[in-house]
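1. need the 3D shape of this:
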Amino acid sequence: MKAEARSTPLPGSCDGGSVSDATREGGCLCGAVRYRLTAPPRHAMLCHCRSCRLASGAPVVAWVTVSAGAFAWTGAAATAYPSSPGVQRTFCGTCGTSLSYEHAERPGEIDVTTASLDAPDAAAPSFHGWTSHALPWMRFGDDLPKRATNE
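-> Reported below is the predicted structural model:
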């Protein structure tokens, strides 16, 4: 496995910071694909939809949403996959790490997997989305709001 020097991102809006301290970085498991966020996340959530579960191989996926203009790839290019109509997901073509999600119905926004951030602890989720798709054995041990869809 390639060793990658990781910078420590500064806090952003998910934890009360300001735009001036919003720079965050992240990337994949092998370190080949890297990205930078230059604005605070608009929100952070836990998604329970079937599509996210299949794309990640996990029962739930944590996401942060940022302005597309505040997102930039800084390492090798991610591999894009059109997972459903109007949706493009990206992942590392080498190690398989799920990295981003873009939907045509939300132009100008990009969702980034929270766990791929160098400091994911600074982007705690604020709600559960698509709980109508949650696996029946999932138990929520938090007090976050639960939305049957993502509306």
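2. low pLDDT regions in the chain?
-> 1-21, 151 (pLDDT under 70).
3. quick one: the strands in it, in order.
-> 24-27, 34-37, 43-47, 61-67, 71-73, 79-84, 87-91, 98-103, 109-113, 127-129 (DSSP state E).
4. switch those strands over to CSV; also include mean neighbour count.
-> In short, each C-beta sits where N, CA and C put it, glycine included. Written out in CSV, the entries for the strands of the chain read as follows (neighbours: other Cβ atoms under 10 Å):
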stretch, mean neighbour count
strand 24-27, 25
strand 34-37, 21
strand 43-47, 22
strand 61-67, 21
strand 71-73, 15
strand 79-84, 12
strand 87-91, 19
strand 98-103, 21
strand 109-113, 23
strand 127-129, 21
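5. let me have the ones you listed in JSON lines, extended by distance to residue 120.
-> Rendered in JSON lines, the data for those read as follows (distance: least, Cβ to Cβ, whole Å):
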{"stretch": "strand 24-27", "distance to residue 120": "8"}
{"stretch": "strand 34-37", "distance to residue 120": "12"}
{"stretch": "strand 43-47", "distance to residue 120": "10"}
{"stretch": "strand 61-67", "distance to residue 120": "7"}
{"stretch": "strand 71-73", "distance to residue 120": "16"}
{"stretch": "strand 79-84", "distance to residue 120": "22"}
{"stretch": "strand 87-91", "distance to residue 120": "17"}
{"stretch": "strand 98-103", "distance to residue 120": "13"}
{"stretch": "strand 109-113", "distance to residue 120": "9"}
{"stretch": "strand 127-129", "distance to residue 120": "17"}
